[in-house]
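**Student:** sequence? don't have it. structure:
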Ligand SMILES: [Zn+2]
């Protein structure tokens, strides 16, 4: 697989439910030098070593937690007692894993993110203008259900959203606008106001506890 094609497929996969972690077994099938290239380009970032890996001894692909140690000469050493192969030494590389850096994928044009006309935005943890899906549907007093909301969250849909694994957040302004546009009794100003007065209280409480911690 060519580098560009490869990067694009990784970016797509990072935004899917498979997730953004790449493990050593996968990398071993890549063309030589590709991992180093991706790291140098900033498309992959090393994560801390995995505890659990697939057994390299047998063909059962069972997950194992090998015993790891550092030898007196400073070299890492790991072993596992495999049911089929007996005691096997585990190469240190097998514990390595990497995270796909989606922001870099977007920057280098391997993934269409914000600005590309897509309603899907890059995931950020701290975004006051985005709220979890489960919170959003509460604002309609239960008139809009989660499956229906999930259906309209797509790149060409009406609402900006962020997704990471199973988690999903919607842009509160877009959401409000969309619900209003549906008309009827879907939109409840009261439910929105109730949510925001609560949100303010929670925000203040968090800030205060933060200040206390800082002291
Ligand atoms: Zn085994």
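**Tutor:** Received it, and whenever you're ready, just let me know what you need. A quick note: this is a predicted structure, and the numbers were derived from the prediction, not measured.
**Student:** which residue ranges of the protein form helices?
**Tutor:** 3-14, 24-27, 34-41, 102-107, 133-138, 146-152, 172-182, 189-214 (DSSP state H).
**Student:** what would those look like in TSV with distance to the ion and mean neighbour count?
**Tutor:** Quick note: C-beta positions are derived from backbone N, CA and C, even for glycine. Compiled in TSV, the helices of the chain are given as follows (distance: least, C-beta to the ion, whole Å; neighbours: other C-beta atoms under 10 Å):
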stretch	distance to the ion	mean neighbour count
helix 3-14	27	17
helix 24-27	14	16
helix 34-41	25	15
helix 102-107	34	18
helix 133-138	41	17
helix 146-152	39	12
helix 172-182	49	17
helix 189-214	47	11
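**Student:** partner strands of the longest strand along the chain, parallel or antiparallel?
**Tutor:** Residue-count comparison of every strand in the chain, with assignments taken from DSSP state E, identifies strand 76-82 as the longest. The strands that strand 76-82 pairs with in its sheet are strand 67-70 (antiparallel), strand 86-89 (antiparallel) (by DSSP bridges).
**Student:** identify whichever of the ones you listed lies nearest to residue 111.
**Tutor:** If you check each of the strands paired with strand 76-82 against residue 111 by C-beta to C-beta, strand 67-70 wins as the nearest, at 34.9 Å.
**Student:** what mean pLDDT does that closest one get?
**Tutor:** Strand 67-70 shows a mean pLDDT of 94.
**Student:** try stretch 98-106
**Tutor:** Average pLDDT, stretch 98-106: 92.
**Student:** ditto for stretch 6-25
**Tutor:** Here stretch 6-25 scores 91 as its mean pLDDT.
**Student:** then stretch 170-183?
**Tutor:** The average pLDDT for stretch 170-183 rounds to 86.
**Student:** next: stretch 83-90.
**Tutor:** For stretch 83-90, mean pLDDT rounds to 92.
**Student:** repeat that for stretch 207-215.
**Tutor:** pLDDT averaged over stretch 207-215 equals 60, rounded to a whole number.
**Student:** could you find the closest non-adjacent residue to the residue nearest to the spatial centre of the chain?
**Tutor:** Centroid check for the chain by C-alpha atoms, centre = their mean gives residue 164 as the closest residue, at 3.7 Å. Across the structure, with C-beta to C-beta, 6 or more residues apart in numbering as the measure, the residue nearest residue 164 apart from its sequence neighbours is residue 123 (4.3 Å).
**Student:** how close does the one you found get to the ion?
**Tutor:** Between residue 123 and the ion the distance is 36 Å, computed by C-beta to the ion, to the nearest Å.
**Student:** got the buried residues for stretch 78-98?
**Tutor:** Of the residues in stretch 78-98, those buried under the neighbour-count criterion (16 or more other C-beta atoms under 10 Å) are 78, 80, 82, 88, 90, 94-98.
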